[in-house]
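S.K.: Test case, fold it:
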Amino acid sequence: MTRARSPVTPDSGDPSLGVLLFLPYRRLEQQVIEAVWAAGYAITLTQARLFQRVDAAGTRLTRLAESAQVTKQTAGVLVDELVRGGYVERVPDPSDGRARLITITARGYAVVAVATDRQREIEAEWRRHLGPRASSQLERALLALREITDPYA
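M.R.: Prediction:
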């Protein structure tokens, strides 16, 4: 079986910067969801991608859909699944009685704890691999990129 190659930059044959930014994140995401599964939580990667966007104070469905880049209908289905799993709940929005907020439950916060612990382990591994200087440079560079790439910053 042959492996598909990542998109390469025309001049070097190396993966493009975008791919290089994506690869570590994809690996982190997979390792985190595996830790969540190992801890006994039946949450899919698609659900997790939406779940990680729920703010501590609660988030409206339209905001979740927008930040996850899915339709409102898709977000609604995923939230329904997360509600059935006991990870989130819908509560009245105190600022607008007609609206609902999606909030994290105690079970959901248990998932967050597992995910956060595993993420910290992975990031520590990356720092050991890169060393303190390169880790610091990478973090500063990514924070600078965030200024022009993150509409939610």
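S.K.: Show the contacting residues for residue 82.
M.R.: Neighbour list for residue 82: 43, 47, 50-51, 88, 102, 108 [criterion: Cβ atoms under 8 Å, 6 or more residues apart in numbering]. C-beta coordinates here come from the backbone N, C-alpha and C atoms, glycine included.
S.K.: helices or strands next to the lengthiest strand in the chain in the packing?
M.R.: Longest strand in the chain, counting residues (DSSP state E): strand 96-104. Under the contact criterion of 3 or more Cβ pairs under 8 Å, 6 or more residues apart in numbering; DSSP states H and E, strand 96-104 touches helix 61-68, strand 88-93.
S.K.: List every C-alpha atom in that strand, with coordinates, as PDB.
M.R.: Extracted C-alpha coordinates of strand 96-104, given in PDB (Å, rounded to 0.1, in the frame of the first residue of the first chain):
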ATOM      1  CA  ASP A  96     -32.000  36.700  26.200                       C
ATOM      2  CA  GLY A  97     -34.900  34.600  27.500                       C
ATOM      3  CA  ARG A  98     -35.700  33.200  24.000                       C
ATOM      4  CA  ALA A  99     -32.100  31.900  23.500                       C
ATOM      5  CA  ARG A 100     -30.400  28.900  24.800                       C
ATOM      6  CA  LEU A 101     -26.800  28.400  25.800                       C
ATOM      7  CA  ILE A 102     -24.800  25.200  25.500                       C
ATOM      8  CA  THR A 103     -22.900  24.600  28.800                       C
ATOM      9  CA  ILE A 104     -20.500  21.900  29.900                       C
END
